[in-house]
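**Student:** Generate a structure from the sequence data that follows.
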Amino acid sequence: MYQYLCGEKREFVISKQALKSGTSIGANDKEAIRGQSKADFYAKMNIALKEASETEYWLELLYGGGYIDEGSFKSIYKDCQELIIILMSITRTQN
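**Tutor:** Next up is the predicted model:
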């Protein structure tokens, strides 16, 4: 998506933000798996959740600005929302 937005739509700012927050979800998930403690695991998962929420926002801006079409938006946005649901479920169980 980032390459398309930069190359075809000449959009560099919001797409870069979406790239950063979107890839941060996976990076924090990976760090959580190797967490030093249960608290560290949940801290990283909470960061991943925040990054997923941020990605959702950037996607909304890209769609609202006409940079991505409705079909692409719905597909990517649905995936993002599914990740948020999963991460919310994980972070809710932190006792």
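**Student:** Specify the next element, helix or strand, located C-terminal of the longest helix belonging to the chain.
**Tutor:** Ranked by residue count under DSSP state H, the longest helix found in the chain is helix 38-64. Heading C-terminal from helix 38-64, the first helix or strand you meet, by DSSP states H and E, is helix 70-92.
**Student:** How about residues contacting that following helix?
**Tutor:** 1, 22, 25, 42, 45-46, 48-49, 52-53, 55-56, 59-60, 62-63, 68 (Cβ atoms under 8 Å, 6 or more residues apart in numbering). Bear in mind the C-beta positions are built from the backbone N, C-alpha and C, glycine included.
**Student:** In it, which residues are buried?
**Tutor:** Under the neighbour-count criterion of 16 or more other Cβ atoms under 10 Å, helix 70-92 has 73, 76, 77, 80, 83, 84, 87, 90, 91 buried.
**Student:** tell me which of the residues you listed is nearest to residue 34?
**Tutor:** Distance to residue 34 across these (Cβ to Cβ) is lowest for residue 90, with 15.5 Å.
**Student:** circling back to that earlier point, now the angle from the longest helix of the chain to helix 70-92?
**Tutor:** With axes from the mean of the first three to the mean of the last three Cα atoms, to 10 degrees as the basis, helix 38-64 and helix 70-92 are set at 160 degrees to each other.
**Student:** burial of the residue lying closest to residue 18 once chain neighbours are set aside, as a residue count?
**Tutor:** Among residues not flanking residue 18 along the chain, residue 58 sits closest, at 3.9 Å (Cβ to Cβ, 6 or more residues apart in numbering). Residue 58 has 20 neighbours, counted by other Cβ atoms under 10 Å.
**Student:** ok, residue 58 - contacts?
**Tutor:** Neighbours of residue 58 in contact, by Cβ under 8 Å, 6+ apart: 14, 17, 18, 21, 22.
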